[in-house]
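Asks: next one to model:
(3 chains)
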Amino acid sequence: MEKIEGSSSIENPRPWQSYHTVYTNAKAGMDGVDKEKVQRVVYEMSKGSKYFENEERKEVFIRQKIEHMHVRCAKLTSADLSHYQKVADKRVSELEVRRDLSRIWLHVDMDAFYAAVETLSDPSLKGKPMAVGGMSMISTANYEARKFGVRAAMPGFIACKLCPELIFVPTDFKKYNYYSDLTRKVLCDYDPNFMAASLDEAYLDITEVCRERGITSAEIAEELRSRVYEETGLTCSAGVAANRLLAKVCSDINKPNGQFVLPNERMAVITFVSSLPIRKIGGIGKVTEHILRDVFGINTCEELLQKGSFLCALFSHSTAEFFLSVGLGLGGTETPQVRFRKSISSERTFSATENKALLYQKLAEIAEMLSADMQKEGLHGRTLTLKLKTASFEIRTRAVTLQKYICSSEDILKHASLLLKAELPVSLRLIGLRVSQFNEDKAGAPSDPTQRTLTSFIMSGDASRKNAADRSSLGSDIRDHHFMDDQETSCSLGIHETIPDEVSDPFENNCVPNVDDKNHTFGDNVGEVEKIPQPSSSETAGKVHLVETDSSFLLQHAGNNHDRVEEEANIPNNEGVSSSNQTDQFFCWVDNYKCSLCGTELPPTFVEERQEHSDFHLAERLQEEESGSNSRFHTPRQRPVYKDRTASASHKKRKKLKSSRKEGTHIPIDTFFVKSNQNL
DNA sequence: GGGATAACTCTAG
DNA sequence: TTCCACTAGAGTTATCCC
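Replies: Sure thing, here's the model as predicted:
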């Protein structure tokens, strides 16, 4: 999507070629697929939709980030580069010292798991293109369907276009859990401490079983796959290597029903990763690949090492280290002990609506579902996060940390309603709720978050160091079999302001619809994780940060509901509403395209973004004026309550300025390099 | 300066 | 005809407060 906006089919006869979807990376069973055709169909089916427009917006921001990185690269002097080359060399040396070739890891991955299970249940599906899922989204597709370009995470209606004969089968997680359990019983014989990554994937340390039985890892893999087939009738693929990251890459090489063994020798590893595309690495997704390729010209893992100086110069320590370790073919080799879940959530998509009663009804339903899940697990948490997806696919999250641990649907709904209320009016297509910061009492009785526990007291001493160490030894997506003990989560004795639980509750005065109506259109609430209550050592009382950080908020709400803003935020009447007029006095769009103040390019079609952008400059100017008079910023904060997000106009403006991630020239460049799987 | 918190982003299955 | 899910973890930045 390099230049979709404004381009016609005459200017660009193949606009789909630049439409970056997640469907363009290689996937097992899709070698012979006509990729151009798939891209064209996906593009044709998507263009013009709200989803597509949002993808365009996201693409613009990524391009801006890439531009910023180009600029930063260009500013690096030879002295800088020389310095960062030394930094990179030192880190590579340190990483090399830590290379561990003593363990043998096997990654087992069931072939098209859900589809294979459905075919077992209904043999008439054999040989026919089939997908598990529905019109909105496909969970997985069998290999016959993949030949047409149909794949997981693809909307069903697009899949239909690619393969009109496609058979849809609804998901049935009872079945998948049953077959997953059968498989895991086999895995236990090879590594009782195996790490399940999902229902259909697991990592096994087969070092001991190889040694005890005196056979090779290839033989173990053959035997294991054969036993899984005998027990379940399902095929799987396996990868064997010295660490989990490489084992996962290897399991994909001879898929389906195959295996690949990478010898535990340094040279073999180095040779293997040298030509390996970075996208094959778990943790490097569409965006990271895009940036590494466009900014640094990096396509293979070897090039990560070659460009080490640039990576160390432009990325955070942990991110740069991850890239270098990938270049060296390093990954996790230790088996973590226990791991606890850190959050639990529930979200549902529905037809977009701005009907308040309907939105509160959806919220109530989700609160019910979440509460039921929490009670099943005996979980109580005190941070509640509301997730919203607007009709235009914009994602917002709003969170509150409470003084007490909650798990009842009433408590969840009470606080969630307050968060939602602050966002109204808005047209939404998704509402989600997440609870985190669980208590330590596994029996379920909420503990007092203000009281320090012995565990947290002991563990708090080197919290940050231990967290860093954990990250380097654990694949974060190993989430459902052995949860890491994260009791060392940092804590402090600092006293913070907290939300009184008896806070004035507008929800109680709201007309919240009767939640008895269970005939909602929500899909199955599926959880595939073995959940273990997580202790929390965070002992400080929470505080509220309900101040909007999205620059669009002030504008949106000032424009849509300025009465409320005026009343709640005490903002002068014309501050938000007429911002564009004020801005026009010192700001314009050069060539109707470029910001006269900062040079950010935004096409005329990006109406909302341009509005946000101009208001950003207005806010910036106002802030300058305020800081000149030096007044309100030094006023002590009031005790925070829910209305705090609009309690102080100056406060709000300041926060808005600093965290406006949508504002082109002020976007932190390297904020989004997440390596959730970096240690596999 | 550092811990806690909030918001956002990326990734994976 | 239908028109892009759900769950979870982790990293980064900004802000507040001590």
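
Asks: ok, A:Ser392 - contacts?
Replies: Counting by Cβ atoms under 8 Å, 6 or more residues apart in numbering, A:Ser392 makes contact with A:Lys50, A:Glu53, A:Asn54. In short, each C-beta sits where N, CA and C put it, glycine included.

Asks: can you lay out the residues you listed as TSV showing distance to DNA strand C and neighbour count?
Replies: Conversion of those to TSV gives the following (distance: Cβ to the nearest atom of the strand, whole Å; neighbours: other Cβ atoms under 10 Å):
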residue	distance to DNA strand C	neighbour count
A:Lys50	6	14
A:Glu53	11	17
A:Asn54	9	16
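
Asks: now, which of the residues you listed lie within helices?
Replies: Mapping the contacts of A:Ser392 onto helices (DSSP state H) picks out A:Lys50, A:Glu53, A:Asn54.

Asks: can you list contacts of the helix or strand harbouring A:Phe322?
Replies: Using DSSP states H and E, A:Phe322 maps to helix A:317-328. By Cβ under 8 Å, 6+ apart, the residues outside helix A:317-328 that reach it are A:88, A:91-92, A:95-96, A:99, A:245, A:270, A:273, A:278, A:281, A:283-284, A:292, A:301-305, A:308, A:311-312, A:315, A:331, A:468, A:471, A:670, A:673, A:675, A:678.

Asks: now a PyMOL select for only the buried ones of the residues you listed.
Replies: Here is the PyMOL command that picks out the buried ones among those, judged by 16 or more other Cβ atoms under 10 Å:
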select buried, chain A and resi 88+91+92+99+245+273+278+281+283+284+292+301+302+303+304+305+308+311+312+315+331+471+673+675+678
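
Asks: quick one: the contacts of A:Ser392 as TSV, columns for pLDDT too.
Replies: Output for the contacts of A:Ser392, formatted as TSV (pLDDT from 0 to 100):
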residue	pLDDT
A:Lys50	88
A:Glu53	88
A:Asn54	89
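
Asks: ok, so of these, who is nearest DNA strand B?
Replies: DNA strand B lies nearest to A:Asn54 out of these, by Cβ to the nearest atom of the strand, at 10.5 Å.

Asks: the strands in the stretch 101-250 of chain A, which residues?
Replies: A:105-110, A:130-133, A:138-141, A:167-169, A:195-198, A:201-205, A:236-241 (DSSP state E, counting those that start in this stretch).

Asks: could you export the ones you listed as a markdown table, including distance to DNA strand C?
Replies: Formatted as a markdown table, these follow (distance: least, Cβ to the nearest atom of the strand, whole Å):
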| stretch | distance to DNA strand C |
| --- | --- |
| strand A:105-110 | 16 |
| strand A:130-133 | 8 |
| strand A:138-141 | 6 |
| strand A:167-169 | 9 |
| strand A:195-198 | 9 |
| strand A:201-205 | 14 |
| strand A:236-241 | 21 |
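
Asks: put the alpha carbons of the helix or strand encompassing A:Lys389 into CSV.
Replies: Under the criterion of DSSP H and E, A:Lys389 resides in strand A:381-390. Coordinates of each C-alpha in strand A:381-390 appear next as CSV, following Å, rounded to 0.1, in the frame of the first residue of the first chain:
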residue,chain,number,x,y,z
GLY,A,381,-8.0,-8.6,39.5
ARG,A,382,-8.0,-4.9,40.1
THR,A,383,-7.0,-3.5,36.8
LEU,A,384,-9.9,-3.3,34.3
THR,A,385,-9.2,-2.4,30.7
LEU,A,386,-12.0,-1.4,28.3
LYS,A,387,-11.2,-2.0,24.7
LEU,A,388,-13.3,-0.3,22.0
LYS,A,389,-13.2,-0.6,18.2
THR,A,390,-15.0,2.2,16.5
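
Asks: which positions in the helix or strand following it come out as buried?
Replies: Once strand A:381-390 ends, the next helix or strand along the chain (criterion: DSSP H and E) is strand A:395-406. Across strand A:395-406, burial judged by 16+ other Cβ under 10 Å covers A:Arg396, A:Arg398, A:Ala399, A:Val400, A:Thr401, A:Leu402, A:Gln403, A:Lys404, A:Tyr405, A:Ile406.

Asks: lowest-confidence one in these?
Replies: Among the buried residues of strand A:395-406, A:Gln403 carries the weakest pLDDT, at 85.

Asks: do you know how far that residue is from A:His415?
Replies: Separation of A:Gln403 from A:His415 (Cβ to Cβ, to the nearest Å): 11 Å.

Asks: over to A:Gly432?
Replies: 14 Å.

Asks: more neighbours, the two?
Replies: Higher neighbour count among A:Gly432 and A:His415: A:His415, with 24 against 20, using other Cβ atoms under 10 Å.

Asks: shouldn't the more buried one be in contact with A:Thr383?
Replies: No: with contact defined as Cβ atoms under 8 Å, A:His415 does not reach A:Thr383; the gap is 10.1 Å.

Asks: so what sits against both of the two?
Replies: Common neighbours of A:His415 and A:Thr383, using Cβ under 8 Å, 6+ apart, are A:Val400, A:Leu402.

Asks: nearest to DNA strand B within chain A, name that residue for me.
Replies: Nearest residue of chain A to DNA strand B: A:Gly285, at 2.3 Å (Cβ to the nearest atom of the strand).

Asks: and that residue, its phi and psi?
Replies: Torsion angles at A:Gly285 (phi, psi; degrees, to the nearest 10) stand at phi -110, psi -160.

Asks: check what pLDDT it gets.
Replies: A:Gly285 is assigned a predicted lDDT (pLDDT) of 92.

Asks: next: A:Cys73.
Replies: At A:Cys73, pLDDT is 89.

Asks: near DNA strand B, anything from the helix or strand that contains it?
Replies: Element membership of A:Cys73 [criterion: DSSP H and E] is helix A:50-75. Yes: counting by Cβ under 7 Å from any atom of the strand, DNA strand B has neighbours in helix A:50-75: A:Lys58, A:Phe61, A:Ile62.

Asks: who does that helix touch, helix- and strand-wise?
Replies: Contacts defined by 3 or more Cβ pairs under 8 Å, 6 or more residues apart in numbering; DSSP states H and E place helix A:50-75 against helix A:286-296, helix A:308-314.

Asks: highest mean neighbour count out of the ones you listed?
Replies: Most buried of those by mean neighbour count (mean count of other Cβ atoms under 10 Å) is helix A:308-314; its value is a mean of 22.

Asks: which residues are contacting the next helix-or-strand element following the helix holding A:Phe322?
Replies: Going down the chain from helix A:317-328, the next helix or strand is strand A:343-353, by DSSP H and E. By Cβ under 8 Å, 6+ apart, the surrounding residues in contact with strand A:343-353 are A:136, A:359, A:362, A:365-366, A:369-370, A:373-374, A:377, A:379, A:381, A:385, A:387, A:389-391, A:427-436, A:520-523, A:525, A:531.
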